[in-house]
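Chemist: Give me the fold of what follows.
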Amino acid sequence: MVPVEWPIAATDEGEGRGPARRAGRGRLRTARADFFLDPRSRLTEQERALMTGMLADLVNSVADEFRTALGSSEPANDEGEQLFDRLRAAGLLDIPDLVALLLRHAEEEHISAGIRAARGGAKLRFLQSLVSDQDLEVSAAAMALILAIGRRRDRFGGPRVAFDDISAEAASALVNAIAAGLRDGLLKRLSSAEADEKLVGAVRTVLSQHDESNRLEARLFDLVHALDRARRVDEALIRSALEEGEVSLLVELLGRSAGIGFESTWEYFNGGAGDLALLLRMSSFSRTLAGEVVARVADVVGSDAETEIGAFDALTEDEVDSARKWLRLDPTYRVAIEKMGRSDG
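Modeler: Just a heads-up that it's a prediction; the model follows:
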């Protein structure tokens, strides 16, 4: 599948399309880096647009919390796009954990849209049906997840990232970057010492509101945990999540069945080149269900259905068990081993 690229250059109001790029001496370095990037790994224009929109929305929402903490609308002249553009130009938004989260949400949106388009976009209301489940834990967890998903959609139905969704380290980096971006506005009416004191206090206030237990993945975990306790994680449930295009829930279900974490499960689900096949084998579901998942997902994630099924059949139990044990190790430990140039996964 070849993605349809969106226009690179924005249209200036009343002036037609503006130039996609500005000429200049400083462009060569960026052009060289961009030219030699692996085209298989580059962002599509859709992904770039989604990630930019989500990041700008997050920056603006956290900046609003700052203004509340400061007890003033100041600095109103530096809000919105100006603040976002200045922070991005300074490299302060290049926060690894945050960019990884934005990329995953963009990828998830692409995969979900592809699955739903393949079935004609009909709404099956899978999650809504769980709200009326007889198991009260399942019902409550399903409602909490639906509400969490709703808060992460803008008025046009596009994806958003909540402040609580990002890691504590990323939250600290983002909040301090925004504080630095807002400083100039305060300096118009305060001394540098006074501005710094107010901003440091606001940083503490905003960070005290950050709660990783409210992240979307926590709501997914709660629902799948409740379903698992009710002995409901079976092939019928996997099919329902697949049919609905509930990609994050599908990944959480596969990860629970394989006994590995969400992040590792996502990497294999979206990895291609046999990774999806290995994930399905680790999840211990039937070949029939694996074929259904592969048929719906492989093309969308940039893999090949025939290759994935071939890999599914070729994997030995020892290979599957070895990969499962490797992925159950602490991620930090695995990364350290990989950096040492060794991996048994």
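Chemist: Check what pLDDT Asp275 gets.
Modeler: Model confidence at Asp275, given as pLDDT, is 93.
Chemist: I should have written Arg25 there, sorry.
Modeler: Note for Arg25: predicted pLDDT of 65.
Chemist: Please renumber the chain so that the first residue is 29 from this point on.
Modeler: Yes, from this point I'll number from 29; that puts the last item at Arg53.
Chemist: which residue packs closest to Ala146, ignoring adjacent ones?
Modeler: Leaving out its chain neighbours, the residue that sits closest to Ala146 by CB to CB, 6 or more residues apart in numbering is Arg324, at 6.5 Å. Glycine gets a C-beta too; all of them are placed from N, C-alpha and C.
Chemist: so how far is Glu272 from that neighbour?
Modeler: Look at Arg324 and Glu272: by CB to CB, to the nearest Å, they are 11 Å apart.
Chemist: repeat for Thr316
Modeler: Computed as CB to CB, the Thr316 to Glu272 distance reads 19 Å.
Chemist: Check which helices and strands the longest helix along the chain sits against.
Modeler: With DSSP state H applied, the helix covering the greatest number of residues in the chain is identified as helix 73-98. Using 3 or more CB pairs under 8 Å, 6 or more residues apart in numbering; DSSP states H and E as the contact criterion, the elements in contact with helix 73-98 are helix 109-117, helix 124-146, helix 196-214, helix 220-236.
Chemist: on that earlier part again, who's more crowded, Thr316 and Glu272?
Modeler: Using other CB atoms under 10 Å as the criterion, Thr316 and Glu272 rank with Glu272 on top: 22 against 8.
Chemist: and the closest residue to the more buried one other than its chain neighbours, what does it touch?
Modeler: With CB to CB, 6+ apart as the measure, Phe154 is the residue that lies nearest to Glu272, at 4.0 Å, once sequence neighbours are left out. If a contact means CB atoms under 8 Å, 6 or more residues apart in numbering, then Phe154 has Ser268, Ala269, Glu271, Glu272, Glu274 as its contacts.
Chemist: Out of the helices and strands packed on helix 73-98, the one nearest Arg183 is which?
Modeler: With respect to Arg183, and counting by CB to CB, the nearest of the helices and strands packed on helix 73-98 is helix 124-146 at 16.3 Å.
Chemist: which residues of this protein score low on pLDDT?
Modeler: For the chain, the stretches flagged by pLDDT under 70 are 29-53, 100-108, 148-152, 370-373.
Chemist: now the farthest one out in it, which residue is it?
Modeler: Computed with CA atoms, centre = their mean, the residue of the chain farthest from its C-alpha average is Ser219, at 39.9 Å.
Chemist: Could you report the distance from it to Leu120?
Modeler: Applying CB to CB, the value for Ser219 to Leu120 is 24 Å.
Chemist: again, but for Ser236
Modeler: For Ser236, the distance to Leu120 under the criterion CB to CB works out to 21 Å.
Chemist: Between the two, which is the more surrounded one?
Modeler: Leu120 (17 against 9).
Chemist: wait, what's in contact with the residue lying closest to that one once chain neighbours are set aside?
Modeler: Spatial nearest neighbour of Leu120, chain neighbours left out: Ala205 (3.8 Å); criterion: CB to CB, 6+ apart. If a contact means CB under 8 Å, 6+ apart, then Ala205 has Leu115, Ala118, Leu120, Leu121 as its contacts.
Chemist: Tabulate these in TSV, adding columns for distance to Gly338.
Modeler: Shown next, in TSV, are the contacts of Ala205 (distance: CB to CB, whole Å):
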residue	distance to Gly338
Leu115	47
Ala118	48
Leu120	46
Leu121	42
